[in-house]
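*Asks:* Quick one: sequence plus predicted model below, questions after.
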Amino acid sequence: MPPKSTTLPPVLTIAGSDCSGGAGLQADLKTFSAHKLYGMSIVLSVVAENTARVISSYDLPPSAIDEQFEAVFSDIVPKASKIGMLGSEPILECVRENLVRYAPANVVLDPVMFAKNGYPLMPKPVREKLAHILPLCDVLTPNLPEASELVGFEITSLESMKKAAQILYDKGAKSILIKGGHSKQNPQNSNDIFYNGSEFVLLESSRIDTKNTHGTGCTLSSAIACNLAQGKDALSSVRLAKKYVYGAILHSLNLGKGNGPTNHFFGL
């Protein structure tokens, strides 16, 4: 009997590694698999972390990152790419240059700035230069602290979320999802704001009472990339990704001594 060959849409994560498997490129690859897509990765940093703490982070040299980009884009061109942790100015510039060089489709940027314990995964000099990469991205997914850092003021209300989204759009991001999960004003919900330059859309969702939320930002952004890779528009991709992440948190895994990971394969 001859083999049955098939083709799966390829999706790429450009991110840091989480050895505990709950966040970073490990979470991204699990998300790609859960969406029945072919996952690929470009490693930017190796982070020694678990559910409770970050011990250290080692950044790969730009030459190693350049070669990974060349290996991927010269052979299997992704239908969508997700960018996560950018741990240094040389890494930010290296990724920017490669985005210009290869012009990938459907780029999702999750501006990962802090681990849950406050460890700065994106140092302040990098945060200040993140605007250089925004025009090369199709969807930007900051949470409230990250969006506040990017726009220079504290976001405390729905109106300030809209104001921040407009500023980030003006800086070049084509679509913005500001995630409200860190809201102290409305602790019973985690409502988000989506903006694409023409309309603000309120995406409502209730908050799940659990501490096991390690890697939710990584998972959401990679799920958005999965949906974009399958031809869906940005808003539809975000809606479907939010539904997927809600299920992953609802069925989260009680592992580790800190914030346990979500369950990427709850649907299986």
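*Replies:* Done, it's in. Numbering: from 1, shown residues only.
*Asks:* A helix includes residue 232, no?
*Replies:* No - Residue 232 is assigned coil when assessed by DSSP: H, G, I helix; E, B strand; the rest coil, not a helix.
*Asks:* give me every residue that touches it.
*Replies:* residue 240 (Cβ atoms under 8 Å, 6 or more residues apart in numbering). For every residue, glycine as well, the C-beta is placed using N, CA and C.
*Asks:* Now it. Its backbone dihedrals?
*Replies:* Here is the backbone geometry of residue 232 (degrees, to the nearest 10): phi -80, psi 150.
*Asks:* Just say helix, strand or coil for residue 5.
*Replies:* coil.
*Asks:* how close does it get to residue 14?
*Replies:* In this view, residue 5 and residue 14 are 28 Å apart by Cβ to Cβ, to the nearest Å.
*Asks:* And the two? Which one has more around it.
*Replies:* residue 14 (29 against 5; other Cβ atoms under 10 Å).
*Asks:* So what sits opposite the more buried one in the bridge?
*Replies:* With DSSP bridges as the criterion, residue 14 is bridged to residue 42, residue 83.
*Asks:* Make 5 the first number, not 1, from now on.
*Replies:* In the new count, where the first residue is 5, that last one comes out as residue 18.
*Asks:* Do I have it right that it meets residue 46?
*Replies:* Yes - assessed by Cβ atoms under 8 Å, residue 18 is found in contact with residue 46 at 4.5 Å.
*Asks:* contacting residues for the residue nearest to residue 245 when sequence neighbours are not counted?
*Replies:* Distances taken as Cβ to Cβ, 6 or more residues apart in numbering put residue 227 closest to residue 245, at 3.6 Å, once the chain neighbours are dropped. Contacts for residue 227 (Cβ under 8 Å, 6+ apart) come out as 35, 39, 244-245, 248-249.
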